[in-house]
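Undergrad: okay, here's the prediction I keep looking at, along with the sequence it came from:
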Amino acid sequence: MAGEYISGAIILGAAPCTAMVFVWSYLTNGDPNYTLVQVSINDLIILVAFVPIVGLLLGITNISIPYDTLVASVLIFVVVPLVAGVLTQKILLKSHGKEWFKNVFLPKLKPVSIVALLVTLVLLFAFQGQNILNNPFIILLAAVPLVIQTYFIFFITWFAGKRLKLSHPVCSPAAMIGASNFFELAVAVAISLFGLQSPAALVTVVGVLVEVPVMLSLVALANKWKY
């Protein structure tokens, strides 16, 4: 069980943030173009590096890795949404124009991302609620290092950005994307590899439990420190 708890933490840490950083950036008035570039780079990193990194680190813990499951998870949760987004953008730009896309479609789409996040969280906790209630000490053991690393990465990136004289709309999403994780992918991979009720899946759900309130506190901090 200890090996599976560690595996869950590895999977969570190896998944850099993509979609959720748009929410954090929006809440801190971040530069949307810069945020898009960051997310694009993280998508490329996931496509190239996620499978070998997870395979390597889980292999060190002597856990047999079905690479086909890892590859399938990346295809379903990264490649398919990415392709769908690109095609949607091209079709809407061609049919309605750039101004409509920016001023009408995107503003209407933003609330959908918040609703989708809430639905995802409700479903995750519905499936893992009993596990969370039955293992409070394990939850605490998993949560403490996750909280520490999230704040640690944020502060390093934030003060490095200020030292480099980055503007607040750039520094803020840069710090957010460094501290955040692609927990949707991590949960899906953990469930695919170890099962819905596994310790690994529980750790990734703890990551969600910790990340959302911690990131909202960092959003408040970034807004308070606006310069």
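TA: Done, it's in.
Undergrad: contacts and neighbour counts: CA atoms only from here.
TA: Fine.
Undergrad: any idea which element the residue of the chain most remote from its centre lies in?
TA: The centre of the chain is farthest from one residue, Ser95, which by Cα atoms, centre = their mean lies 31.8 Å away. Applying DSSP states H and E as the criterion places Ser95 in helix 80-96.
Undergrad: mind checking how far the residue farthest from the centre of the chain is from Val112?
TA: Going from Ser95 to Val112 by Cα to Cα, to the nearest Å gives 22 Å.
Undergrad: ok, now Phe154?
TA: Note on Phe154: its distance to Val112, by Cα to Cα, is 26 Å.
Undergrad: and if you look at Val79?
TA: 20 Å.
Undergrad: low-confidence bits of the protein, can you list those?
TA: Residue ranges of the chain with pLDDT under 70: 61, 64-65, 113, 117, 128.
Undergrad: quick one, which of Val79 and Val112 is more surrounded?
TA: Shown here are Val79 and Val112; by other Cα atoms under 10 Å, Val79 has more neighbours (17 against 11).
Undergrad: against which helices or strands is the helix or strand containing Ala143 packed?
TA: Ala143 is part of helix 136-163 when elements are defined by DSSP H and E. Applying 3 or more Cα pairs under 8 Å, 6 or more residues apart in numbering; DSSP states H and E, one finds that helix 136-163 contacts helix 168-179, helix 199-224.
Undergrad: kindly reformat those helices as JSON lines containing distance to Ile41.
TA: As requested, the helices and strands packed on helix 136-163 are exported to JSON lines (distance: least, Cα to Cα, whole Å):
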{"stretch": "helix 168-179", "distance to Ile41": "11"}
{"stretch": "helix 199-224", "distance to Ile41": "21"}
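Undergrad: most neighbours per residue, which of those helices?
TA: Of all the helices and strands packed on helix 136-163, helix 168-179 carries the top mean neighbour count, a mean of 25, counting by mean count of other Cα atoms under 10 Å.
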